[in-house]
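# Next one to model:
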Amino acid sequence: MDVDRPVAPAPAHPEPRPPRRPQKPWTRFLGGAAGGSRGTVVRLALMVVPLAFFAVFFAYPVGAIVTRGLHQGGRWRLGAIGDVLGDPSIRHVLWFTCWQAAASTALTLAVGLPGAYVFARLDFPGKRLLRAVVTVPFVLPTVVAGSAFLALLGQNGFTDSLFGFRLDTSVWAILIAHVFFNYAVVVRTVGGLWAQLDPRQEEAARMLGAGRFAAWRQVTLPALGPAVAAAALMVFLFTFTSFGVIQILGGPTRSTLEVEIYRQTAELLDLPTAAVLTLLQLAAVAVILGVHAWTVRRRESTLRLVDAARTAHRPRGGERALLVAVLAVVALLILLPLGVLAARSLGGPNGYGFAFYRALSSADGSGDGGTFLVSPLETVWNSLRYAAVATVIALAVGALAAAALVRRAGRVLRGFDALLMLPLGTSAVTVGFGFLITLDKPPLDLRDSWLLVPLAQALVGVPFVVRVMLPVLRAVDDRLREAAAVLGASPLRVWREVELPLVARAVGIAAGFAFAVSLGEFGATVFIARPDSPTLPVAVARLLGRAGEMNYGQAMALSTILMVVCAASLLVLETTWRRRGDGRRLSDPTGEF
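Model (predicted):
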């Protein structure tokens, strides 16, 4: 027991506290704390570059193409809005677009979450290579992947030959192909955060009597909520604007808004209808983003993050069965379609060989006309160059945007967050045409500049950078930043020595996504790529658009090269960032991190 201690008498008249400084309306509107005017100014400064980028390369081109469609003959044709919305066929297209996107998202999450756990928490041979391989479908031109699934699921395909039934005539072919494309989104986005969650929290819940599933549901799942929501949002937006898969596997009776916009623009030259459909697509995406922002804002919290290398372990118990199941899914869902593409690239006119690959070294390997001004093989260098520049742009713009959104956001910042995601839900046809009709006058005359392609690619890569980095940045405990600041560290040093080691893995994943998206971007690039420097997806599409076995074989050969380049690039990128993270381990004497 403590001995008695003298107690200071309470003052007769307590000194009144100074009045609390009222929060300025504009500060509250931006989400700043009371007295946080300096933080609000910093946010505004961070938003300048992303806002300028999106205003010039997204809002301006899309607004111009929509205006051209609705403003003709010197007057606005607003009556076209009612005509289009009153068309039963358009309402059917909208319903199918939403339905298949929701079903594809749910199926991708169901298949991808076990894979996210395996890649995040289990250590097994070939893990890094396999993680790079599962990202390959994300960069394949949708036309090529659709053709591969048609060979697997169609007449005389894999399911028809072995099981006696076809799936190409059902909606299941579309859903499976969408899971094939977006599996990596769930695995890498959710797995990136999962790998850094402290496993001791779940272990503590189990020591208190909770079962394995109950501990996961009550401890881990809420912590993963923002990352799961981010992955679901990206998958939904990609499937909502699906084009190539629907074109090949959907048949004449199934069409999405993206397909209908392309048909109205390129085939029917009906710009008013295409403009209304673009506005309808943007409105639907805005509603989706609003619901997502409201949901995530209620679930975000500070998390205890650790070095990802400390959380991975060898499979034990039931984890072995889970690993086998995930590997089986990857083999059937990812490797089998990719194997079909590789096999077709080797099936030359005189049997298996490298005839199609040898033909890629000339500008016209088929010998019946000039398909390219350069050899298709040169498109590999073009794609790597464009993707590297696009990745740098996307990381710079996306990192600034994510830093501005770290704190709980007010209305303006929530709108800014939604703006960053709009390119994923906007027709690539609209963006491509918009670039052509707007970026043609000084000081933005970029039609003849090679930078036009990486700018369009970065526009799609920025949302991935933001969605991957933001959950991790918001999970960092503010007390770490405050402690470093109290010890005299400048804001730049706080970022370099406190935050960067924690988010280095997320930056690497974001860079991988941005690079993969840029490498495989086709919708807008096909309109703006110069004839003398096409990208790999554009070259593949051109070859597929020409008749003849040689052209088709070269398309398969280029697609195989694209697969190998993507897997190798992602493997190198991931290894580089992993080494950087390992070289900058956290040194917390308390053992909390």
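# all strands for this protein, in order.
Shown for the chain, the strands assigned by DSSP state E span residues 71-72, 75-76, 347-348, 351-352.
# looking at these, which is closest to L502?
Using Cβ to Cβ as the measure, strand 347-348 is the one of the strands of the chain that comes nearest L502, at 48.8 Å. Heads up, the C-betas are built off the backbone N, CA and C, glycines and all.
# Please work out which residues outside that closest one touch it.
By Cβ atoms under 8 Å, 6 or more residues apart in numbering, the list of residues contacting strand 347-348 from outside reads F354, A355, F356, G553.
# Report the buried members of the residues you listed.
Neighbour counting by 16 or more other Cβ atoms under 10 Å classes A355, F356, G553 among these as buried.
# Of those, which belong to helices?
The helices, defined by DSSP state H, take in A355, F356, G553 from the buried ones among the contacts of strand 347-348.
# Model confidence score at the first one, please.
It refers to A355. On pLDDT, A355 comes in at 84.
# Same check on W99?
You'll see W99 listed with a pLDDT of 91.
# Mind checking which residue lies nearest the centre of this structure?
For the chain, the residue nearest the mean C-alpha position is F464 (3.9 Å; Cα atoms, centre = their mean).
# For the closest residue to it other than its chain neighbours, give me the pLDDT.
Spatial nearest neighbour of F464, chain neighbours left out: F513 (4.0 Å); criterion: Cβ to Cβ, 6 or more residues apart in numbering. Looking at F513, its pLDDT reads 76.
# For the remainder of this discussion, apply numbering that starts at 33.
All set: I'll call the first residue 33, so the last point we hit is now F545.
# got the contact list for F545?
Neighbour list for F545: F170, V217, R220, G493, F496, V497, V500 [criterion: Cβ under 8 Å, 6+ apart].
# dump the residue contacts of the first one.
Pointing back at F170 there. Going by Cβ under 8 Å, 6+ apart, F170 touches F213, N214, A216, V217, F545, A548, V549, G552.
# Among the buried ones among the contacts of strand 379-380, which one lies nearest to V98?
Using Cβ to Cβ, these come closest to V98 at G585, 40.7 Å.
# Isn't the closest one up against S377?
Yes: with contact defined as Cβ atoms under 8 Å, G585 counts as touching S377 (6.7 Å).
# Now list whatever residues contact both of the two.
Contacts common to G585 and S377, judged by Cβ under 8 Å, 6+ apart, are F388.
# OK, contacts around T470?
T470 neighbours (Cβ under 8 Å, 6+ apart): Y92, P93, A96, L476.
# Please apply the same query to L145.
For L145, the contacting residues are V218, V222, V260, by Cβ under 8 Å, 6+ apart.
# Dump those to JSON lines, plus neighbour count, pLDDT and distance to A515.
Converted to JSON lines, the contacts of L145 look like this (neighbours: other Cβ atoms under 10 Å; pLDDT from 0 to 100; distance: Cβ to Cβ, whole Å):
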{"residue": "V218", "neighbour count": "27", "pLDDT": "91", "distance to A515": "35"}
{"residue": "V222", "neighbour count": "27", "pLDDT": "87", "distance to A515": "29"}
{"residue": "V260", "neighbour count": "23", "pLDDT": "87", "distance to A515": "30"}
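# These in helices, which ones?
Counting by DSSP H, the contacts of L145 contribute V218, V222, V260 to helices.
# quick one on the thing from earlier: any idea how far N214 is from the residue nearest to F496?
Per Cβ to Cβ, to the nearest Å, F545 is found 12 Å from N214.
# which among the contacts of T470 gets closest to W248?
Within the contacts of T470, proximity to W248 (Cβ to Cβ) peaks at P93, which comes in at 45.0 Å.
# got the contact list for that closest one?
T462, V463, F465, G466, F467, I469, T470, L471.
# can I assume the first one is in contact with L311?
No: proximity of T462 to L311 does not meet the contact threshold set by Cβ under 8 Å, at 10.1 Å.
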